[in-house]
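Novice: My questions concern the predicted model and sequence given below.
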Amino acid sequence: MDEPAVESGPLKILIADDSDSDRLILKTLLRRLGHLVLDAANGEEAVALFRSGAPDLVLLDAMMPAMDGLEAAQEIKRLAGERMVPVIFISSLSEAEDLARCLEAGGDGFLSKPYNRVMIKAKINAFNRMRLMHQALSDQRDLMHERNRQLLEEQYVARRVFDNVAHTGCLDAPNIRYHASPLSVFSGDVLFASPRPAGGMLVFTGDFTGHGLPAAIGAMPVAETFYGMASKGFDGSDILQEINQKLVRILPKDMFCCGTMLEADFTLSQLKVWNGGLPDGWLVRASGEGFSLPSRHLPLGILNADEFNADMEIIRTLPGDRLILMTDGVLECSSEEGQPFGEQGVRRAVESAAAGQHPFDALMNAIQGFTGRQKFGDDLTLCCLEMVDQEGLSALPEGTAPSTLAGPTEWKCVYEIRERTLGEFSPLPLLLHICMEVPGLRRKSGEIYTLLSELYNNALEHGVLELPSEWKYTPEGFGRYYSERTARLSMVSGHYIRFSFHHEPKQWGGRLRVVCEDSGQGFDFENHPVLQATEMAQSGPRYAGRGLVLLKRLAESIRFHEQGSRVDIIYDWYF
C-alpha cells in the first residue's frame, strides 16, 4: 500500500544507480512515499533525464560507468543554475577523502546502503524543506527586484517631469560654475537660476531635510514659484516670502528647506544675499581677498508670514568678484579616515587658491583630494557666480515664456499705489503682467520691465523719497543710500505714484504710451546733463543718470512735465 509523503505534495525525484536491483528497491520505496520517480543506469542518462524532466531532487550513486556520480553532480548543478536541486549521494563509501570529494562535486548529503525507509523519508523531507525555503527566498528576491525596478522606473519618469519644472534655467550661463551630486535619483538639494526681465540674475540654492523622493517633493512648488515669479519681475525678497508661505502650508512639521537667495545686478555691480540655514557663502574679490557671508535667518518653511524676514543684505561688487554658495553636503563629506571636511576645509581651499585659479576649481579640487575614493554621505551642491558686465550676458533667454494666447491690442489702464504701500509692495510684476497681455509685447518683456522699473524707481527714490544719486558714488555713500532708503520708506505719508497706460495697434506693430506721475518735488529736468546729451559721457560717474540713459535708449520719445514729477514716454514695437 502506498504511503503518502508527510510534509509536502509529491516530488519528482531522479535516481541514478548502475545496480538494477538497488535502483528497483529505491524506486519502489520512493513511489510508496508518494513521489514521482525517474531512473537512470549511469551518469550520462542521469544528466539527460535531468535536462528533460527537471526533477526536484537527485539521488546519485557515486560509482557508475560512462559518467560517474561526481561528474554527473557537477553537470546537474550547472544545469540547475539558481534553482536549488538537492543532490544526495547514495553510496557505501566511508573514507573521509571520498566523502569530501562528493561534497566538492556539488553533493548536499549522503544516503548509505542498505536503504532504510524511515531514513529515506526523513532525508527527503529535510532536503525538501531546504529546497522550499530557498525557493521562497528566491521568489522574494525576484519580487523585490521587480518592485525595485518598477520603483526606479517610476522615479525616472517622475524625474523627467521634475526636471521640466525644476529646470536649469540659466545655470549654463558663462559666469556660473556649479556641481551637483545627488545620493539617489532624486536629490534633497535644489539649484535654480533665472535671468531677470530687466537684466541680472536670481539664483536659489536649497537643501530639504532628508534625501531622495520625499525630500524632492518640496522642490516642485519651490521651482514653480521661483521661475514663475522671477520671469514676472519679482525680486528675491518677494519670491522668498511666497516660497516660505507655500512650504509652511504644505510641508510636514518636521520638514523644512535651508536656502540661499542671490540677486545679482550686473549693471549696478551689486549683490543681494539672503541665507537661511545653509553654510556660509564666500565672496572672493577679483583681487583674491575673500570673506564669508553667514546665515542670518531661519530656514524656509518654519516661520509664519508675519514672523518671516525676507530682507536681503546688499553688497557692492566689482566685475570679476565671485560668490560661492554650497549645501551641507560640502561640509559633511569625509575623508577615508572619517574626518569631516567642515568649514575649515572650505576656508583653507578658498584662502589658499593659487594665483589665477578659479575659486570653484580650488574648492572642488580640495574636496576631491580630501575624500579620495570615499563616497559622499549627503547630497552635495556647489555653485559659483561671477560678477560680469551685463553686456556679456546679452545672449541669455528672455525671462517670460512665449505664449500663443491672444490678447487685447487697444486698451487703457490707470494704476496708483499710495501711502505705506509704497514701502511694502512693488507693483512692477503686476504692471509687467498687464503689458504682457499684448501678444506682440511678450517678446519684449525685458525692455518693458526695464522701462517700468526705471520709471518706478526714479519716482520712488528720487521723487517721493528725495534720495540724491550722488550718494552712490562712494562705498560709504552706497551703504548710506540704501540705509536711508529703508528708513524713509517706513515713514512715507501722503505720497503716491500713478501709472497710466495706453496701447494702440499700428500697421508695423504697436505703440505703448506710459505716463508715470509721483507726488514728489521733481527735479530740474531742463538743465539735466543727461537729458541735454544723446549719451552719458564715458568718464562720468558710474551711476549718475543711469535710469534716464536707459529710458532714452529704449523709448521712442521721453518728455518731462510739472517740474519733472510727470514722465511721458512712447515705446514702439515692430513685428
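Specialist: Sure thing, it's come through.

Novice: Just list what the strand or helix carrying Ile448 packs against, helices and strands only.
Specialist: Using DSSP states H and E, Ile448 maps to helix 445-457. Counting contacts by 3 or more C-beta pairs under 8 Å, 6 or more residues apart in numbering; DSSP states H and E, helix 445-457 packs against helix 428-435, strand 496-506, strand 509-518, helix 546-554, strand 566-574. C-beta coordinates here come from the backbone N, C-alpha and C atoms, glycine included.

Novice: ok, and for whatever helix or strand comes next after that helix, which residues are buried?
Specialist: Where DSSP H and E defines the elements, the next helix or strand beyond helix 445-457 is helix 475-489. Across helix 475-489, burial judged by 16 or more other C-beta atoms under 10 Å covers 478, 481-482, 484-485, 488-489.

Novice: Over to stretch 38-54?
Specialist: By neighbour count on 16+ other C-beta under 10 Å, the buried set for stretch 38-54 is 38-47, 49-50.

Novice: possible to save the helices and strands packed on helix 445-457 as JSON lines with mean pLDDT?
Specialist: Below are the helices and strands packed on helix 445-457 laid out as JSON lines (pLDDT from 0 to 100):
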{"stretch": "helix 428-435", "mean pLDDT": "88"}
{"stretch": "strand 496-506", "mean pLDDT": "93"}
{"stretch": "strand 509-518", "mean pLDDT": "93"}
{"stretch": "helix 546-554", "mean pLDDT": "77"}
{"stretch": "strand 566-574", "mean pLDDT": "92"}
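
Novice: low pLDDT regions in the stretch 351-500 of the chain?
Specialist: 374-378, 390-406 (pLDDT under 70).

Novice: sorry, back to before: JSON lines for the buried residues of stretch 38-54, including pLDDT, secondary structure and distance to Ser519?
Specialist: Converted to JSON lines, the buried residues of stretch 38-54 look like this (pLDDT from 0 to 100; DSSP: H, G, I helix; E, B strand; the rest coil; distance: C-beta to C-beta, whole Å):
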{"residue": "Leu38", "pLDDT": "92", "secondary structure": "strand", "distance to Ser519": "103"}
{"residue": "Asp39", "pLDDT": "91", "secondary structure": "strand", "distance to Ser519": "109"}
{"residue": "Ala40", "pLDDT": "91", "secondary structure": "strand", "distance to Ser519": "107"}
{"residue": "Ala41", "pLDDT": "90", "secondary structure": "coil", "distance to Ser519": "113"}
{"residue": "Asn42", "pLDDT": "90", "secondary structure": "coil", "distance to Ser519": "111"}
{"residue": "Gly43", "pLDDT": "87", "secondary structure": "helix", "distance to Ser519": "106"}
{"residue": "Glu44", "pLDDT": "89", "secondary structure": "helix", "distance to Ser519": "107"}
{"residue": "Glu45", "pLDDT": "90", "secondary structure": "helix", "distance to Ser519": "108"}
{"residue": "Ala46", "pLDDT": "89", "secondary structure": "helix", "distance to Ser519": "104"}
{"residue": "Val47", "pLDDT": "91", "secondary structure": "helix", "distance to Ser519": "101"}
{"residue": "Leu49", "pLDDT": "92", "secondary structure": "helix", "distance to Ser519": "103"}
{"residue": "Phe50", "pLDDT": "91", "secondary structure": "helix", "distance to Ser519": "98"}
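
Novice: and Leu268, what element?
Specialist: Per DSSP H and E: Leu268 is located in neither a helix nor a strand.

Novice: so the closest residue in space to Ala286 that isn't next to it in sequence, which of the three states?
Specialist: In space, and not counting its chain neighbours, Ala286 is closest to Gly320: 3.1 Å by C-beta to C-beta, 6 or more residues apart in numbering. Assigned by DSSP: H, G, I helix; E, B strand; the rest coil, the conformation of Gly320 is coil.

Novice: Now do the phi/psi pair for the nearest residue to Ile120 once chain neighbours are set aside.
Specialist: Spatial nearest neighbour of Ile120, excluding adjacent residues (C-beta to C-beta, 6+ apart): Leu29 at 5.8 Å. Dihedral pair for Leu29: phi -60, psi -40, per degrees, to the nearest 10.

Novice: neighbours of Leu29, just the number please.
Specialist: 18 (other C-beta atoms under 10 Å).

Novice: same deal with the one 5 residues further on?
Specialist: Per other C-beta under 10 Å, the neighbour tally for Gly34 reads 15.

Novice: With distance to Leu202 added, can I get the buried residues of helix 475-489 in JSON lines?
Specialist: Output for the buried residues of helix 475-489, formatted as JSON lines (distance: C-beta to C-beta, whole Å):
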{"residue": "Phe478", "distance to Leu202": "21"}
{"residue": "Tyr481", "distance to Leu202": "22"}
{"residue": "Tyr482", "distance to Leu202": "19"}
{"residue": "Glu484", "distance to Leu202": "25"}
{"residue": "Arg485", "distance to Leu202": "21"}
{"residue": "Arg488", "distance to Leu202": "26"}
{"residue": "Leu489", "distance to Leu202": "22"}
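
Novice: Of the residues you listed, which is the nearest to Ile314?
Specialist: Tyr482 (5.3 Å; C-beta to C-beta).

Novice: so what's that closest one up against?
Specialist: Going by C-beta atoms under 8 Å, 6 or more residues apart in numbering, Tyr482 touches Ile314.

Novice: where's it relative to Asp207, distance?
Specialist: Relative to Asp207, Tyr482 is positioned 29 Å away (C-beta to C-beta, to the nearest Å).

Novice: repeat for Ala349
Specialist: Ala349 is 20 Å from Asp207, by C-beta to C-beta.

Novice: Domain map for this structure?
Specialist: Domains of the chain are assigned by automatic domain parsing as 12-137, 166-393, 411-574.

Novice: distance between the first one and the chain's centre?
Specialist: Read it as domain 12-137. With C-alpha atoms, centre = their mean, to the nearest Å as the basis, domain 12-137 stands 57 Å off its chain's centre.

Novice: now for it, what's the gap between its first and last residues?
Specialist: 21 Å (C-alpha to C-alpha, to the nearest Å).

Novice: same deal with the last one?
Specialist: Between the start and the finish of domain 411-574 there is a gap of 18 Å, counting by C-alpha to C-alpha.

Novice: can you give me the offset of that domain from its chain's centre?
Specialist: Here the centre of domain 411-574 is set off from its chain's centre by 37 Å, with C-alpha atoms, centre = their mean.

Novice: Then the longest one?
Specialist: Taking the mean of its C-alpha atoms, domain 166-393 sits 12 Å from the chain's own mean (C-alpha atoms, centre = their mean).

Novice: Kindly report the same for stretch 559-575.
Specialist: Distance of stretch 559-575 from its chain centroid, counting by C-alpha atoms, centre = their mean, is 44 Å.

Novice: Just the buried residues of it, please?
Specialist: For stretch 559-575, using 16+ other C-beta under 10 Å, the buried residues are 560, 564-569, 571, 573.

Novice: Serialize those residues to JSON lines and add fields for distance to Phe226.
Specialist: Shown next, in JSON lines, are those (distance: C-beta to C-beta, whole Å):
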{"residue": "Phe560", "distance to Phe226": "37"}
{"residue": "Gly564", "distance to Phe226": "37"}
{"residue": "Ser565", "distance to Phe226": "36"}
{"residue": "Arg566", "distance to Phe226": "36"}
{"residue": "Val567", "distance to Phe226": "32"}
{"residue": "Asp568", "distance to Phe226": "35"}
{"residue": "Ile569", "distance to Phe226": "31"}
{"residue": "Tyr571", "distance to Phe226": "29"}
{"residue": "Trp573", "distance to Phe226": "28"}
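
Novice: so which of these comes closest to Gly9?
Specialist: Nearest to Gly9 out of these is Trp573 (C-beta to C-beta; 83.5 Å).
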